[in-house]
Every structure is written in C-alpha cells, then in structure tokens.
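Participant: based on what follows, work out the 3D shape:
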Amino acid sequence: MIKRLFDIVSSLFGIVLLLPVFVFISAWIFIEDGYPVLFFQKRIGKNGKPFSLYKFRTMRKYSEKLGQLTIGDRDPRVTTSGFYLRKYKLDELPQLINVLLGTMSLVGPRPEVERYVLLYSAEQRKVLSVKPGITDLASLMYFKESELLAASSDPETTYIKEIMPEKLKLNLEYIDRSGIATDLIIILKTVARIFR
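Facilitator: Numbers count the residues shown, from 1 in each chain. Predicted structure coming up:
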C-alpha cells in the first residue's frame with residue numbers, strides 16, 4: 001500500500017514537472033520522423049498479465065518487424081533523436097503514465113516481451129509475482145546492454161543464454177529484499193548513472 005502511494009505521488013509529480021520535456025521530445029520526434037511520437041509495446045506484467053508499455057518512439061516506423069532487440073547505439077533503425085533519447089534513457093519517461101495507471105511501479109523487474117517470458121524456468125517466473133518497474137538492479141548492471149549485444153556475433157542467443165538469466169537472477173534478489181528503502185537507493189543510483 002505504501003509503495004503504491006509512493007508510486008502515485010511520484011509519477012504524478014514527475015509527469016507535471018516534466019511536461020515541458022514531454023512536449024519538446026514529442027515535437028523533436030514529429031519533426032524528424034512524423035507520427036506517432038509514442039511507441040506502444042505488449043509486455044508481460046504481474047501474474048503474467050499482458051499490458052501496453054509506453055515509450056517515446058526511437059526507431060523508424062515498423063522497425064520492430066526486423067527484431068525486438070536493439071543492437072548497439074548505432075542500430076540503423078534508430079533515429080537521430082532516438083539515439084539521444086536512448087542514451088539518456090529519456091525514451092522511458094512515458095512509463096510514468098504506466099506507473100500512474102498501476103500497470104508498473106517505479107522500481108521492479110523490467111517487463112519483458114512475451115517471446116522471452118515463454119523461455120523462463122519455473123524459478124525465473126517468480127519475477128512475475130510483483131509489478132514490473134521502470135528501473136531495477138538489472139537495469140543498473142546492464143546499463144549499456146545494447147553495446148554488449150552489438151559486440152556479439154549472435155545477439156539474440158547472447159541475450160537469451162547470457163544476459164537474460166543474469167538479469168532474472170538480480171530481479172529475484174531484489175524481490176527477496178524489496179522495500180521502500182531499497183527502492184529509493186535504486187532510484188538514486190539510476191539517476192546518478194544517467195547523469196554520469
């Protein structure tokens with residue numbers, strides 16, 4: 001209950017405070033590549049329930065048909081605005097709306113697309129017992145995940161066999177010791193990591 005109240009107050013405050021930033025980014029995306037400025041993707045949330053995750057669009061239209069992993073900072077599908085939005089994680093800002101609606105939390109395991117969730121073991125599926133979040137321990141550890149994938153000869157296999165299991169392990173550790181104090185530390189570390 002306390003976490004949900006914290007999420008509501010924080011996301012509402014963030015949306016109001018960052019409204020000029022939302023408008024600026026929306027205009028930037030529109031001028032460069034037209035509509036839509038937002039990208040909606042089906043992700044798997046708490047208890048395995050699907051929901052629409054909101055992001056600012058950083059790739060050219062219909063790019064997802066070519067794959068759901070982003071390979072490196074210079075993936076040719078990524079727009080110029082998208083490069084900078086991704087670099088500073090600004091493309092994630094619309095997820096404050098997800099938090100306000102209750103489909104996500106500020107802190108929690110990052111929600112995955114269905115094709116990868118289907119590969120989870122019974123133990124790994126425990127990450128679906130809590131609301132997904134905008135940031136988590138795995139996001140801090142794999143802050144430059146796309147660069148790791150770009151260095152691989154087979155990015156999807158690298159993600160499935162190496163990166164995803166480690167991220168899920170960190171998520172399970174978070175669930176075991178989650179709390180407001182832990183969440184605040186993760187939020188502060190995330191902000192510091194972005195500005196660093």
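
Participant: going forward, measure contacts between C-alpha atoms and count neighbours the same way
Facilitator: OK.

Participant: doesn't residue 52 fall inside a strand?
Facilitator: Yes. The assignment for residue 52 (DSSP: H, G, I helix; E, B strand; the rest coil) places it in a strand.

Participant: thought it was touching residue 45?
Facilitator: No. Using CA atoms under 8 Å, residue 52 is not in contact with residue 45; the gap is 9.4 Å.

Participant: more crowded one of these two?
Facilitator: It is residue 45, of residue 52 and residue 45, that has more neighbours when counted by other CA atoms under 10 Å, with 26 against 15.

Participant: ok, the more buried one - contacts?
Facilitator: Contact partners of residue 45, counting by CA atoms under 8 Å, 6 or more residues apart in numbering, are 51, 103, 104, 111, 128, 131, 132.

Participant: in helices only, show me those.
Facilitator: Among these, DSSP state H puts none in helices.

Participant: out of those, who's nearest residue 10?
Facilitator: residue 104 (12.6 Å; CA to CA).

Participant: gap between that closest one and residue 177?
Facilitator: 19 Å (CA to CA, to the nearest Å).

Participant: for the two, indicate the residue with more neighbours.
Facilitator: Taking neighbours as other CA under 10 Å, residue 104 and residue 177 compare with residue 104 leading, 27 against 10.

Participant: quick check: that one touching residue 133?
Facilitator: Yes. Under the criterion of CA under 8 Å, residue 104 makes contact with residue 133 at 5.3 Å.

Participant: so, low pLDDT: which residues of this protein?
Facilitator: Residues of the chain that meet the criterion pLDDT under 70 lie in 62-74.

Participant: again, only using 90
Facilitator: Along the chain, the parts satisfying pLDDT under 90 run over 1-2, 33-35, 59-78, 86-89, 142-156, 177-179, 191, 193-196.

Participant: show me the helices in it, by range?
Facilitator: 2-17, 19-33, 80-87, 95-101, 114-117, 137-141, 145-150, 155-158, 164-176, 180-195.

Participant: rebuild the ones you listed as TSV, extending it with mean neighbour count.
Facilitator: Below are the helices of the chain laid out as TSV (neighbours: other CA atoms under 10 Å):
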stretch	mean neighbour count
helix 2-17	15
helix 19-33	15
helix 80-87	18
helix 95-101	21
helix 114-117	13
helix 137-141	19
helix 145-150	18
helix 155-158	16
helix 164-176	17
helix 180-195	13
